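Q: give me a model of this one.
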Amino acid sequence: MKRQNQKLYLAQMVAAICVVLIHVGTVVKDPVLHFVIKSLICRVAVPFFFVNNAYFFRLNSQKEGYSKEWLKRILINYTKVFVLYVPFGIQLVRETVNMPWKLTPILIVVSYLYSGSFYHLWYFPAMIFALFFVRGLIMKIGYKGTLLIISVLFMIGSIETYSSLVNSQLLENLMKHYFSLFFTTRNGLFFSPIFVLIGFFLADNQRLLARWRPHFKIGLLIAVCLGVIEGILVYQNQGIDKNFMYFTILLNLCYFGLLVTSESNWHGLDRLKSYSQGIFLLHMIPIQIFNSWNPTNTPLNGLIRACLGIVVPSVVIFIFNLSKQRILRNKFKQNMKLN
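A: You can find the predicted model right below:
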């Protein structure tokens with residue numbers, strides 16, 4: 001399994017870099033190329049992370065006490081990063097919303113439970129909710145019923161992306177009321193469950209995945225073609241946001257299925273895991289510091305932000321790993337002397 005996962009570590013790194021590119025503003029002058037990079041290619045990344053985490057959560061959930069231990073670990077890590085970004089989040093809110101300071105504690109609690117303290121941290125409450133929501137649905141109504149429910153939820157959420165095509169006055173009014181409270185449908189109820197279900201499905205059918213590889217390859221080609229069609233449609237009718245792209249459902253199913261069934265002689269890529277995690281979690285700190293100095297949205301500044309968002313967290317993780325290795329070596333030497 002370790003050898004099979006080597007390509008998966010590389011895919012995680014690429015996905016983390018795509019997340020950075022989503023948050024750096026424009027990196028190219030041409031609007032079509034900008035759309036292709038940020039709204040098609042990079043939008044695959046977050047769904048990929050949902051599939052990835054759901055797959056391994058499901059594989060290990062049969063172990064006694066694993067779910068509680070996983071939840072405890074993820075909440076500790078989320079809380080640490082959440083606190084780290086709280087000052088940036090408060091600053092962002094103060095710049096965009098005229099909110100009294102006395103409501104700040106309420107804002108922090110709500111953001112912890114729903115949106116995260118800053119941009120990308122919405123992923124954690126969405127992932128936690130979706131994992132247990134989907135698992136509960138599967139236990140009660142099975143895969144078919146769960147697929148039906150979360151497909152409807154995804155369709156409702158996709159109104160955000162396809163809002164320019166909505167002609168119903170009733171729907172427009174409902175959307176206004178919803179967005180005045182929750183800001184986006186990109187959350188654990190509408191967005192992430194479909195990708196969590198994919199991860200669960202692949203984990204539950206792990207023994208069949210190698211046999212399905214030819215189908216995954218065909219499905220991947222079909223998904224790319226659908227992505228081109230959907231990309232043209234969304235580009236010509238741009239809505240509130242571009243989070244909900246239907247082609248990413250089939251693409252991540254087939255792409256992840258190919259990754260976890262791929263044999264290779266590659267080795268050492270597991271070292272990328274800590275770097276991809278660090279880039280995903282920490283990239284917005286150097287980007288925001290740069291924005292406070294130069295907020296201009298130009299391709300050059302976008303590239304600088306991208307470099308900062310990748311390099312700075314990588315250096316931090318490298319130093320952290322090096323320090324950890326030295327501590328372990330010192331402990332080993334001390335134990336050897338005692339023996």
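
Q: so which helix or strand takes in residue 98?
A: Here residue 98, judged by DSSP states H and E, is contained in no helix and no strand.

Q: what of the one 10 residues further on?
A: Secondary structure assignment for residue 108, by DSSP H and E: helix 104-113.

Q: continuing past that helix, what's the next helix or strand?
A: Next in sequence after helix 104-113, counting helices and strands by DSSP H and E, comes helix 123-157.

Q: which residues are in contact with the helix or strand following that next one?
A: Moving toward the C-terminus from helix 123-157, the next helix or strand (DSSP H and E) is helix 169-182. With contacts defined as CB atoms under 8 Å, 6 or more residues apart in numbering, helix 169-182 is touched by 114, 159, 160, 163, 166, 185, 240. Bear in mind the C-beta positions are built from the backbone N, C-alpha and C, glycine included.

Q: tell me how many other residues crowd the second one.
A: So the one you mean is residue 159. By other CB atoms under 10 Å, the residues close to residue 159 number 21.

Q: and the fourth one, by the same measure?
A: Burial measure for residue 163: 17 neighbouring residues, criterion other CB under 10 Å.

Q: could you check how far it is from residue 172?
A: Residue 163 sits at a distance of 8 Å from residue 172 (criterion: CB to CB, to the nearest Å).

Q: ranges for the helices of the stretch 201-339 of the chain?
A: Taking DSSP state H, counting those that start in this stretch as the test, the helices found in the stretch 201-339 of the chain are 209-236, 247-260, 272-282, 284-293, 299-338.

Q: okay, the angle between the fourth one and helix 299-338?
A: In this case it means helix 284-293. Relative orientation of helix 284-293 versus helix 299-338 (axes from the mean of the first three to the mean of the last three CA atoms, to 10 degrees): 140 degrees.

Q: list the contacts for residue 79?
A: Residue 79 touches residue 112, counting by CB under 8 Å, 6+ apart.

Q: so it: helix, strand or coil?
A: helix (DSSP: H, G, I helix; E, B strand; the rest coil).

Q: circling back: now do the buried residues in the helix holding residue 108.
A: By neighbour count on 16 or more other CB atoms under 10 Å, the buried set for helix 104-113 is 107, 108, 111, 112.

Q: the nearest residue to the last one once chain neighbours are set aside: what's it in contact with?
A: Closest residue in space to residue 112, ignoring its immediate chain neighbours: residue 82 at 5.9 Å, by CB to CB, 6 or more residues apart in numbering. Residues counted as contacts of residue 82 (CB under 8 Å, 6+ apart) are 112, 116, 117, 121, 124.

Q: return the most buried member of the helices of the stretch 201-339 of the chain.
A: A comparison of the helices of the stretch 201-339 of the chain by mean neighbour count, using mean count of other CB atoms under 10 Å, puts helix 247-260 on top with a mean of 22.

Q: mean confidence (pLDDT) on that helix, please.
A: Throughout helix 247-260, pLDDT has a mean value of 96.

Q: mind checking how far it is from the chain centre?
A: Offset of helix 247-260 from its chain centre (CA atoms, centre = their mean, to the nearest Å): 15 Å.

Q: and stretch 136-152, by the same measure?
A: In terms of CA atoms, centre = their mean, the centre of stretch 136-152 is set 22 Å apart from its chain centre.

Q: same question for that stretch: list its buried residues.
A: Under the neighbour-count criterion of 16+ other CB under 10 Å, stretch 136-152 has 137, 138, 146, 147, 149, 150 buried.

Q: so residue 138 touches residue 199, yeah?
A: No - the criterion here is CB atoms under 8 Å, and residue 138 misses it with residue 199 at 11.8 Å.

Q: which residues touch the helix or strand encompassing residue 52?
A: Taking DSSP H and E as the criterion, the element that holds residue 52 is helix 45-60. Contacting residues not belonging to helix 45-60 are listed as 8, 11-12, 14-16, 18-19, 22, 66-67, 70, 123, 127, 130-131, 134, 192, 195-200, 202-204, 206, 248-249, 252-253, 255-256, 260, 280 [CB under 8 Å, 6+ apart].

Q: and these, which are buried?
A: 8, 11-12, 15-16, 18-19, 22, 67, 70, 123, 127, 130-131, 134, 192, 195-200, 202-203, 248-249, 252-253, 255-256, 260, 280.

Q: pLDDT below threshold where in this structure?
A: 1-4, 328-329, 331-339 (pLDDT under 70).
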